[in-house]
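> all I have is the shape, not the residue letters:
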Ligand SMILES: Nc1nc2c(ncn2[C@@H]2O[C@H](COP(=O)(O)OP(=O)(O)OP(=O)(O)O)[C@@H](O)[C@H]2O)c(=O)[nH]1
């Protein structure tokens with residue numbers, strides 16, 4: 001799984017939150033090149049090892065990260081809901097993805113930094129409509145609070161597992177439906 005998106009959208013924090021359950025506020029240290037972490041998740045009783053590649057968003061590292069696209073089975077593409085430019089750049093990221101990644105790669109669009117509501121400049125509907133336009137699943141997340149962080153990786157793991165065991169006559173797994181059902185579950189139980 002590769003994490004992509006502009007510098008500063010929160011990719012490294014998202015991975016640290018998933019791996020260690022922590023958010024370390026403070027100075028922003030941009031990723032140099034590329035880095036990876038492994039984490040095992042359990043989907044329907046099956047263990048799946050995710051190898052997650054955290055890329056540098058800065059333009060000067062693009063040639064390094066392009067080399068890794070081809071081997072990726074899934075891409076988490078991030079923008080920051082407080083940054084219009086990071087949202088506008090999503091189209092350019094998708095063009096790069098179509099150029100360098102495998103055709104059947106799983107792509108998920110994520111709008112990160114949700115709790116920054118005062119500073120929000122990209123509405124949820126804008127993210128949803130861009131995702132619909134490109135036919136990719138979408139959700140908003142927070143690497144700070146952990147909102148939807150695990151769900152993003154679980155949905156990816158479930159999609160990859162389903163693809164591996166899919167029978168031709170079976171209905172296809174719908175990743176966006178899964179996301180919506182899991183979001184409902186967590187909101188219904190969060191105050192219990
Ligand atoms: N409030 C808030 N801040 C966040 C969140 N995620 C990341 N940040 C902050 O955003 C800044 C950038 O986060 P990083 O995770 O380093 O960004 P990145 O996308 O990995 O950046 P590059 O490595 O340059 O590509 C840091 O100062 C984080 O503290 C979030 O969900 N909420």
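Done, it's in. Because the structure is predicted, anything quoted here is derived from the model rather than measured.
> list the residues that contact the closest residue in space to residue 18 that isn't next to it in sequence.
Of all residues beyond its chain neighbours, the one nearest residue 18 is residue 149 (5.1 Å), with distances taken as C-beta to C-beta, 6 or more residues apart in numbering. Backbone N, C-alpha and C define where each C-beta goes, glycine included. Residue 149 makes contact with 14, 17, 18, 141, 142, 143 under the criterion C-beta atoms under 8 Å, 6 or more residues apart in numbering.
> how close does residue 149 get to residue 100?
Computed with C-beta to C-beta, to the nearest Å, the distance linking residue 149 and residue 100 is 26 Å.
> hang on, the earlier thing: out of the contacts of residue 149, which are close to the ligand?
Of the entries in the contacts of residue 149, those that also sit close to the ligand under the rule C-beta under 6 Å from any ligand atom are 142, 143.
> neighbour-wise, give me the winner out of the contacts of residue 149.
Within the contacts of residue 149, neighbour counts (other C-beta atoms under 10 Å) peak at residue 14, which reaches 28 neighbours.
> does that residue really touch residue 145, like I thought?
No - distance between residue 14 and residue 145: 11.5 Å, which falls outside the contact criterion (C-beta atoms under 8 Å).
> who are the packing partners of the host helix or strand of residue 63?
With elements taken from DSSP states H and E, the one containing residue 63 is helix 62-69. Applying 3 or more C-beta pairs under 8 Å, 6 or more residues apart in numbering; DSSP states H and E, we find helix 62-69 packed against strand 2-5, strand 34-43, strand 46-55, helix 90-100.
> can you name the two of the contacts of residue 149 that are farthest apart?
Of all pairs drawn from the contacts of residue 149, the greatest distance, 12.1 Å, lies between 18 and 142 (C-beta to C-beta).
> how about the helices in this protein?
If you assign secondary structure with DSSP state H, the helices in the chain sit at 11-20, 62-69, 84-88, 90-100, 124-134, 149-165, 175-189.
> nearest residue to residue 51 other than its sequence neighbours?
Here the nearest residue to residue 51 in space, its sequence neighbours aside, is residue 38; by C-beta to C-beta, 6+ apart that works out to 5.4 Å.
> contacting residues around that neighbour?
Shown in contact with residue 38 (C-beta under 8 Å, 6+ apart): 49, 50, 51, 52.
> so what's the residue most central in space within the chain bridging to?
Note on the chain: the residue nearest the mean C-alpha position is residue 76, at 3.0 Å, using C-alpha atoms, centre = their mean. Residues found in beta-bridge contact with residue 76 (criterion: DSSP bridges) are residue 3, residue 108.
> check contacts around it.
1, 2, 3, 4, 11, 14, 108, 110, 152, 156.
> point me to the residue sitting farthest from the middle of this protein.
Ranked by distance from the centre of the chain (C-alpha atoms, centre = their mean), the top residue is residue 169, with 29.2 Å.
> output the set of residues of this structure in proximity to the ligand.
Of all the residues in the chain, those lying near the ligand are 7-13, 25, 28, 30-31, 56-58, 112-113, 116, 142-144, going by C-beta under 6 Å from any ligand atom.
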